[in-house]
Each structure stands twice: as C-alpha cells, then as structure tokens.
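Visitor: Sharing a model prediction with you, sequence too.
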Amino acid sequence: MKVLMIFDQIQSGQGGKENPNLPLGGKTMAIGSASMLGPILKKLGGVVVACLYCGDGYFKNNKEEVKFKITAMVKKINPDVVICGPAFNYAGYAEMCAVLAHEINEKTDIPAIAGMSKENERTILDHKDLIDIVVMPKKGGIGLTESLENICTLAKKIVDGEDTSEYAKQICY
C-alpha cells in the first residue's frame with residue numbers, strides 16, 4: 001500500500017506557527033510526522049511514498065491554486081491512498097486537510113481521508129458527510145497511538161476494496 005501524506009508547515013517539520021506562509025512543496029520520502037505512522041503502516045504492508053506540504057496560511061490565501069496543484073501532484077505520484085493529517089487541534093490545518101481530502105476524492109480516483117481532533121468542530125460539521133474524518137486527540141492528548149492505528153487501518157481497508165461503512169462509524173465523526 002503506497003501512502004501519500006499531506007502536512008502543514010508544523011507536521012512537515014518545515015517550521016512552526018511563525019511560518020504559516022510556507023509555499024506548497026513535497027518530498028518523495030517520509031518526512032515530519034510520517035515517522036509516527038511508519039511502524040503501523042509497515043505492519044499493514046504499507047509505506048509512505050511521498051509527503052506534500054503547505055503552510056496553513058498559504059493555503060488560506062491561495063486555496064484554489066493549492067487545490068489544483070495538490071490534485072495534479074497526487075495524480076502524478078499515484079499513491080494507493082492519501083492521508084491528510086493528523087491535524088490534531090490546529091484549525092487552519094484541519095480545514096486544509098478536509099478541503100484537500102474532498103478535492104482529491106472528487107478530482108481523482110485515489111481515495112483520501114483526514115484525521116483531526118474534536119476541537120475542529122466547524123470543519124468536522126462541514127465535511128464529515130463528504131469525507132472520512134478519523135477521530136484524533138488534540139496535540140498532546142490521550143489516544144494518539146490508537147487513532148493512528150485507526151487511520152492506517154481505514155486506509156488499508158479502503159485500498160483493499162473492503163466495505164468500510166461499519167468501521168468508519170466506529171472511528172470517524
């Protein structure tokens with residue numbers, strides 16, 4: 001299972017909140033928070049083949065450009081699945097994850113899912129019927145390992161063509 005991940009500036013390791021205008025970029029390797037999912041994906045026969053990133057401020061100010069370019073980059077890299085997040089309780093990043101997962105699902109045949117914490121209530125309400133959003137704890141919260149296992153397992157089930165409706169009810173908003 002080839003996994004592409006989408007990060008903000010923080011989760012990609014490209015800066016903190018002081019660097020929200022990081023332009024769109026990518027690496028054909030695991031970077032930043034991808035290391036948290038690596039061991040779980042390995043157990044499921046998966047590997048992170050690429051990571052795309054963009055500052056949440058850059059996304060906010062260039063939404064249409066980022067949506068267009070991310071979709072084109074996803075098509076070019078051609079992973080089996082895209083994981084947007086984990087966005088934790090970062091509001092701007094959570095919105096970026098939800099919007100990009102929806103755009104990828106609409107414009108490609110490559111499935112995309114997102115993960116974020118309940119603090120992103122507005123984003124969750126706006127997108128939970130459009131995409132699978134896996135329940136995650138806020139940054140530093142309890143249950144991170146379980147939620148990462150859930151997002152990887154959901155990705156695997158989607159890639160394997162399984163009916164994910166019952167599983168998604170258990171782990172998604």
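Guide: Nice, I can see it. Numbers count the residues shown, from 1 in each chain.
Visitor: mind checking pLDDT for the residue nearest to residue 61 when sequence neighbours are not counted?
Guide: In space, residue 61 comes closest to residue 21 once its chain neighbours are excluded; the distance is 7.5 Å by CB to CB, 6 or more residues apart in numbering. The C-beta positions use only the backbone N, C-alpha and C, and glycine is treated the same way. Among the per-residue scores, residue 21 shows a pLDDT of 95.
Visitor: so how far is residue 111 from residue 162?
Guide: Per CB to CB, to the nearest Å, residue 162 is found 12 Å from residue 111.
Visitor: Tell me which of those two has more neighbours.
Guide: Using other CB atoms under 10 Å as the criterion, residue 162 and residue 111 rank with residue 111 on top: 20 against 12.
Visitor: Now for that one: which residues touch it?
Guide: When contacts are counted by CB atoms under 8 Å, 6 or more residues apart in numbering, residue 111 touches 81-82, 104-105, 155, 158-159.
Visitor: tell me the contacts of residue 47?
Guide: By CB under 8 Å, 6+ apart, the contact set of residue 47 is 1-3, 30, 38, 41.
Visitor: just checking, what packs against the helix or strand containing residue 75?
Guide: Per DSSP states H and E: residue 75 is located in helix 63-77. Packing partners of helix 63-77 (3 or more CB pairs under 8 Å, 6 or more residues apart in numbering; DSSP states H and E): strand 2-7, strand 47-53, helix 91-107.
Visitor: Good, we can wrap up now.
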